[in-house]
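>>> Pasting a predicted model and its sequence here:
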Amino acid sequence: QRQLVESGGGLVQPGGSLRLSCAASGFILVYHSVGWFRQVPGKDREELACISGDRTTSYSASAQGRFTISRDYADTTVYLQMNSLKPDDTAVYYCAAYEHHVVRNSCVLSSHNYNAWGRGTQVTVSS
């Protein structure tokens, strides 16, 4: 059974850092793009970053410079390192994947492309 499970969320002070993990079981990640997204209740889901099969990355303007997406070399987990966190970063963070059947050298940030989603992890940035 294919499953994406996020972890690493929690409460952090402004200016702090968190590393989120997305554990992928049942996926061959080199044949998938994996993205990180977030959502605040009552607002649209926001795209943050994605990583392609060959580890090419892409970032939204809000994530560029503060967030880093990566994938381990066991190809089982995708990470989102978040630095210089702000209260506006408070949200539920989700990872998602979509399959290409080949190793792609680019990924698309649009959430509409992704068809496998985790259940999310809460990140709260507050003093």
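In hand now; what should we look at?
>>> Give me the most central residue, this protein.
Centroid-nearest residue in the chain: residue 36, 2.1 Å away (criterion: CA atoms, centre = their mean).
>>> so who does that one touch?
With contacts defined as CB atoms under 8 Å, 6 or more residues apart in numbering, the neighbours of residue 36 are 20, 22, 48-50, 63, 67, 69, 78, 80, 93-95. Placement of C-beta: from N, CA and C, glycine included.
>>> same thing with residue 48?
35-38, 59-60, 62-63, 67, 69, 80, 93, 109.
>>> Those in strands, which ones?
Residues from the contacts of residue 48 lying in strands, with DSSP state E as the criterion: 35, 36, 37, 38, 59, 67, 69, 80, 93.
>>> Show me which of the contacts of residue 48 are buried.
By the neighbour-count criterion of 16 or more other CB atoms under 10 Å, the contacts of residue 48 include these buried positions: 35, 36, 37, 38, 59, 60, 63, 67, 69, 80, 93, 109.
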